[in-house]
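>>> Sequence and predicted structure, then a few things I'm wondering about:
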Amino acid sequence: MSSINRITFLFGLTFILWVGPNDAYATVPALERNLELNLKNEKISVILNKIEEQSGVIFSYSPQLFKETGPISIQLKNKTVREALAQILPVSVMYRAKNNYIILKEKPKNKNQKTKEVSGYVYDVSNEKKIANASVYDKNTLESTTTNEYGFYSLSVPANNSSITVNRFNYQDTAVHPNTGSAITNIPLQPKGDSLVKNDSALWQKKFNQISKQTDYLVNKFNNYIHNLNVTDSLERDVQVSFVPFVGTNHKLSGTVYNRISFNILGGYARGVKEFELGGLFNIDKENVSGLQIGGLFNLVGDSLRGTQIGGVLNLNGKKTSGLQIAGLSNINGGSVKGVQTAGLLNINQNSMIGLQIGGLMNINGQEQTGTGIAGLFNLNNKVQGVYVAGIGNIQDTAQGALIAGLFNVSQQQKNTIEIAGLFNYLQTGESHSQIAGLFNRTQTLKGIQVGFINYADTASGIPIGFLSLVKKGVHQLEISADEVQYLNLNFRSGVPAFYTIFYSGLQPSSGEVLWSFGYGLGSSFRIKGKLRSDITISAKHLSYGSFYQSPSERLQFYWGLEYKIGKRISVAGGPAMNFYFTDPKGDTYQAKYAQMAPFVLGETNYANGVNMKYWLGAQVALRFF
């Protein structure tokens, strides 16, 4: 090329790059504009002029490029500028598009070419429309790309490559051989049946289509995830290393590959893992993980995990987990868990948990938990079977086993369960084997023991023990009695026949100061025959004349008697009682009022602490109601 021609060429090239694109075609890239050509035996320069006229592009080239190119015939209908150039340009010529301009130049020679570029369009064979967001990849190297919004792809593959694979949701998977004699390889895809369109990813498909039409930037941003929707092949690798998702030995197809061993320097994304995965910060797997998985911050598994999973902060699995799961803060599973699960703060499982579960603050299970659950604050479960320990409370719909809590246990239903709580146990319906609480116990059916300040049960075959025990189908008797000290006593018995509590109150009418008393006792009753029963009680009462007597005036009584039912809700009772009366002889009114409390004395003892004790044998008769 002469100096003048070279200067003219460079000036012209600078000018066309500076001028800017034609506004009429600004929205469509130069290579993607459609053409219709029907030319026979024309020079290539004529054909290029025709393309410029139809498409608005401007070619820049040296005429020397085509001095050895003869006449060309071309027939195109609804094809792109790119496809036209693929047909007319010699293999020695390459092109580059910039804005509205296409620069043609000689292709550099590369004797030791190890790779080759395969490019073309992916289109629907039924209507010849170009297909965007199709995955194009090499199964051996895992190099991949996706078609742009015009259906075009360009992929670098080994020079000896014989096949590339194309996947796109709602289309049949396709493998093709790149055209060796052509600059472009167009790939037709066969649509699947309509019924296959209605799958779980239909919503995602629609969203990606919308995104791809809005902006090239968003398409490129989501291209890597589009591979996961498109690729259905079972791709596997023994070992993979990645820096971050899609930047590693599995390239952009990392989300479609099962790895036997996986190392993620910062984080990685894979279809699944079969033996071992280590992530400096995180691991994300679309499907299943087996073996050992360790993430510095978190592990996310879309499907199931079988083995051991350790996350510095979080483990999140979409479905079933089997094995050992450890998290610094939280384990969350969308399915069931079988094995051991421990977290610094929280364990949440949507379905069942079988095994040992330890949560620093809370364990939550949507369905049945079988085994052992330990939580710093709460265990919240639908149904539990086993032993569950919580710092504050256990709350469940159904329980069987043992519940131990610092404050409370609450269940809607239960069967043969032991409950221990610092404050209260509450069961709406079902059976409690035993309930032990500092304040209150409530159950429907008591089969064992119930220990609390206040106890309630509908029915009881066991024994409630507490200051007050109320059993709906148990003992609740109002008693009017008389003995040798007080002729009028009103008492209340509550509990079950085997063990009940008694609240005493008594009066001794007098023309002077009234002798009155209050007290508390325990009793047990057993049937002798038919309507005849026997009962044994022990009670303690404080007796005072007039105002409350501050000094000791305590009556301890052991009673054994018989009870006979004379009506549906009334009984008569009576029997002997051994009485012990403790007083302080140094009291202000002892000699005037309390020295003669015992009607007769069998014996008397003075203790070193100054207390005087008198004892005598007396009797008691009573009417009992209800």
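Nice, I can see it. Residues are numbered from 1 along each chain as shown.

>>> could you point out which element follows the worst-scoring helix or strand of the chain on mean pLDDT?
Across the helices and strands of the chain, mean pLDDT, DSSP states H and E gives its lowest value to helix 3-19, namely a mean of 44. Per DSSP states H and E, helix 3-19 leads on to strand 34-42 as the next helix or strand towards the C-terminus.

>>> Which SSE is immediately downstream of that next one?
helix 44-55.

>>> and the next helix or strand after that next one, what does it pack onto?
Tracing the chain past helix 44-55, the next element assigned as helix or strand by DSSP H and E is strand 58-60. Under the contact criterion of 3 or more C-beta pairs under 8 Å, 6 or more residues apart in numbering; DSSP states H and E, strand 58-60 touches helix 3-19, helix 44-55, strand 101-106. Every C-beta, even on glycine, is put in place using the N, C-alpha and C of the backbone.

>>> residues contacting the closest residue to Lys43 other than its chain neighbours?
Leaving aside its sequence neighbours, Lys43 sits nearest to Pro71 (C-beta to C-beta, 6 or more residues apart in numbering; 6.4 Å). Neighbour list for Pro71: Asn41, Glu42, Lys43 [criterion: C-beta atoms under 8 Å, 6 or more residues apart in numbering].

>>> now swap in Ser534 and tell me
Ser525, Phe526, Ile528, Trp560, Gly561, Leu562, Glu563.

>>> Turn those into JSON lines, columns for secondary structure.
Output for the contacts of Ser534, formatted as JSON lines (DSSP: H, G, I helix; E, B strand; the rest coil):
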{"residue": "Ser525", "secondary structure": "strand"}
{"residue": "Phe526", "secondary structure": "strand"}
{"residue": "Ile528", "secondary structure": "strand"}
{"residue": "Trp560", "secondary structure": "strand"}
{"residue": "Gly561", "secondary structure": "strand"}
{"residue": "Leu562", "secondary structure": "strand"}
{"residue": "Glu563", "secondary structure": "strand"}
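
>>> so the nearest residue to Phe625 once chain neighbours are set aside is in which element?
Distance criterion C-beta to C-beta, 6+ apart; nearest residue to Phe625, sequence neighbours excluded, is Leu478 at 4.7 Å. Under the criterion of DSSP H and E, Leu478 resides in strand 475-483.

>>> What's opposite Ile187 in the beta bridge?
Under the criterion DSSP bridges, Ile187 forms beta bridges with Val122.

>>> Asn491 now?
Beta-bridge partners for Asn491, by DSSP bridges, are Glu479.

>>> That one: neighbour count?
A total of 20 residues lie near Asn491 under the criterion other C-beta atoms under 10 Å.

>>> now swap in Phe600 and tell me
9.

>>> One more: Gly334?
Gly334 has 19 nearby residues by other C-beta under 10 Å.

>>> ok, now which ones touch it?
Contacts of Gly334 by C-beta under 8 Å, 6+ apart are Asn317, Gly318, Lys319, Gln350, Asn351.

>>> if we go to 7 Å?
Asn317, Gly318, Lys319, Gln350 (C-beta atoms under 7 Å, 6 or more residues apart in numbering).

>>> ditto for Ile354
Neighbour list for Ile354: Lys338, Thr370, Gly371 [criterion: C-beta under 7 Å, 6+ apart].

>>> surely the second one meets Gly386?
Right, Thr370. Yes. At 5.7 Å, Thr370 counts as touching Gly386 under the criterion of C-beta atoms under 7 Å.

>>> Next, show the common contact partners of the two.
By C-beta under 7 Å, 6+ apart, no residue touches both Thr370 and Gly386.

>>> Tell me how far Thr308 lies from Glu83.
Distance of Thr308 to Glu83, computed by C-beta to C-beta, to the nearest Å: 54 Å.

>>> So which of those two has more stuff around it?
Just comparing Thr308 and Glu83: by other C-beta under 10 Å the higher neighbour count belongs to Glu83, 20 against 16.

>>> which element is the more buried one on?
Going by DSSP H and E, Glu83 is in helix 81-88.

>>> Please work out the average pLDDT along that helix.
Averaging pLDDT along helix 81-88 yields 89.

>>> mind checking which helix or strand the residue lying closest to Leu278 once chain neighbours are set aside is in?
For Leu278, ignoring the flanking residues on the chain, the nearest one in space by C-beta to C-beta, 6+ apart is Ile294 at 5.1 Å. Using DSSP H and E, Ile294 maps to strand 289-295.

>>> Report all helices and strands that that strand contacts.
For strand 289-295, the contact count by 3 or more C-beta pairs under 7 Å, 6 or more residues apart in numbering; DSSP states H and E identifies strand 272-279, strand 282-285, strand 305-311 as packing neighbours.

>>> again, 10 Å this time
Secondary-structure packing of strand 289-295 (3 or more C-beta pairs under 10 Å, 6 or more residues apart in numbering; DSSP states H and E): strand 257-264, strand 267-270, strand 272-279, strand 282-285, strand 298-301, strand 305-311, strand 314-317, strand 321-327.

>>> before we move on, what SS does Tyr150 have?
Tyr150 - assigned by three-state DSSP - is coil.

>>> Touching, it and Val28? I think so.
Yes. Between Tyr150 and Val28 there is a contact under C-beta atoms under 10 Å: 8.3 Å.

>>> who touches both of those two?
Thr80 (C-beta atoms under 10 Å, 6 or more residues apart in numbering).

>>> And Asn133, what's its pLDDT?
87.

>>> Distance check, it against Gly120.
The gap separating Asn133 from Gly120 is 16 Å, by C-beta to C-beta.

>>> what does Asn259 give?
Taking C-beta to C-beta as the measure, Asn259 falls 31 Å from Gly120.

>>> Comparing those two, which shows the higher neighbour count?
When Asn259 and Gly120 are compared on other C-beta under 10 Å, the one with more neighbours turns out to be Asn259, at 28 against 25.

>>> can you tell me how far the more buried one sits from Ala457?
59 Å.

>>> before we move on, what about Gly495?
Distance from Gly495 to Ala457, by C-beta to C-beta: 10 Å.

>>> what sits in contact with each of these two?
Common neighbours of Gly495 and Ala457, using C-beta under 10 Å, 6+ apart, are Gln450, Pro464, Ser469, Leu470, Val471, Gly474.

>>> how about the residues you listed in TSV, adding pLDDT?
As requested, these are arranged in TSV below (pLDDT from 0 to 100):
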residue	pLDDT
Gln450	94
Pro464	95
Ser469	95
Leu470	95
Val471	95
Gly474	93
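
>>> Who are the packing partners of the helix holding Glu83?
strand 34-42, helix 44-55, strand 72-80, strand 93-98, strand 101-106, strand 115-124.

>>> how distant is it from the center of its chain?
Offset of helix 81-88 from its chain centre (C-alpha atoms, centre = their mean, to the nearest Å): 56 Å.

>>> Same check on stretch 139-147?
With C-alpha atoms, centre = their mean, you get 35 Å for stretch 139-147.

>>> Now do the end-to-end distance for it.
Length of stretch 139-147, first residue to last, C-alpha to C-alpha, to the nearest Å: 17 Å.

>>> can you give me the mean pLDDT across that stretch?
Stretch 139-147 shows an average pLDDT of 85 in the prediction.
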